[in-house]
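> Following is a predicted model, sequence given first.
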Amino acid sequence: MDLLLEKLYHSLYSVFEDNLKSKEKKYNENDQLDLLKTLFTLSKTQKEMIRLIESSAIEKAVLIYDFSKAEFDECLKRKLIRQGLTINDTKYYLGTFGLYYYYGSKDMSINEVLISYDEMKFSTEEIVLKSQEKIWCVFLLLFGADNSESKLNTSTLSHRDLEKYFSFLNLIEDKLMEKGVKLGKNVSWGSGKDTSFRSFITNNVLLPKTGIYHDRPTNNYYLDLTKRKNATYLLDLILDNYDGAERIMANELFRESLRELSNLLLSELSVIPSDINHYVLEELFG
């Protein structure tokens, strides 16, 4: 039985070696391709995964001929091998449980496999927002969208309104740069997703992972700043280019920028300015 599993193991090994990109392959402490670690950390759709794994499948007749029907039936009974689908239903491959069993039979450690899986699924990587995400946060701050009851509802905005709001996003970056507040890389206005209001506000990667940003239901947006620690976290994300004495100065410049931008809401958008979240102001005043 072990030899049958080994044949399927090497078949899967070859498939991974030949079909996966270098960045998708994971290796063990001996610099050998680690199939379980690679399998657990692959980012593929179910369809892609099935197609990949099934390409390692071997005909049932071949497995029985090379080994025996009794060994084949035992592997099948213990769910160590799995049957292919549709046109591959006469072929069998090594599934995740089969790989786990094989590792155990060869005294191969799975500790690193599980650690890699945890690191991928439960990443503790520090969140660094893009300039677009920071500008969007400032926009929501200015509109007082700091809790679920005061969310910004954009569903009724006209095309003209959306154009004006988009221009105001650009104005936010200009005002912050004018004050000397560095957000990061300058926005390439007019290209990619930075061409309209609706596309701009979806140009985020890590903002939804912060836990303080909400964009449901559709076209309703707000920051959860109902706790002081949330406001502290938001400011740390926006002003992450500063620390120490520079951060104290950045807080003052950012506060001045918010005040001036708030005054511009009426003249630029005909919107009555909302009060800036009190926790944010307390943090900025130190």
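On my side now, so go ahead. Fair warning: this is a prediction, and the values are worked out from it, not measured in the lab.

> can you count the residues close to residue 261?
Residue 261 has 23 neighbours, counted by other CB atoms under 10 Å. From N, CA and C alone the C-beta is placed, and that goes for glycine too.

> Helices of the protein, start to end?
For the chain, applying DSSP state H gives helices covering 2-19, 35-41, 46-54, 60-66, 69-77, 96-105, 111-121, 131-142, 159-179, 197-200, 228-238, 244-269, 278-285.

> May I see those helices organised as a markdown table, with mean pLDDT added?
Formatted as a markdown table, these follow (pLDDT from 0 to 100):
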| stretch | mean pLDDT |
| --- | --- |
| helix 2-19 | 96 |
| helix 35-41 | 92 |
| helix 46-54 | 94 |
| helix 60-66 | 97 |
| helix 69-77 | 96 |
| helix 96-105 | 94 |
| helix 111-121 | 79 |
| helix 131-142 | 98 |
| helix 159-179 | 97 |
| helix 197-200 | 96 |
| helix 228-238 | 97 |
| helix 244-269 | 96 |
| helix 278-285 | 95 |
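
> between these, which one is nearest to residue 85?
Evaluated with CB to CB, the helices of the chain place helix 46-54 nearest to residue 85, the distance being 6.9 Å.

> Now do the buried residues in that closest one.
Neighbour counts over helix 46-54 (16 or more other CB atoms under 10 Å) mark 52-54 as buried.

> so what's residue 263 up against?
By CB atoms under 8 Å, 6 or more residues apart in numbering, the residues touching residue 263 are residue 273.

> Distance of it relative to residue 65?
Between residue 263 and residue 65 the distance is 83 Å, computed by CB to CB, to the nearest Å.

> Confirm for me that residue 187 is in contact with residue 132.
Yes - with contact taken as CB atoms under 8 Å, residue 187 and residue 132 are classed as touching, separated by 5.9 Å.

> Which neighbours do those two have in common?
residue 194.

> who has more neighbours, these two?
residue 132 (25 against 21).

> Settle this for me: the more buried one is touching residue 203, isn't it.
Yes - counting by CB under 8 Å, residue 203 is a contact partner of residue 132 at 4.6 Å.

> between these two, what contacts are shared?
Here residue 132 and residue 203 share the contacting residues 193-194, scored by CB under 8 Å, 6+ apart.
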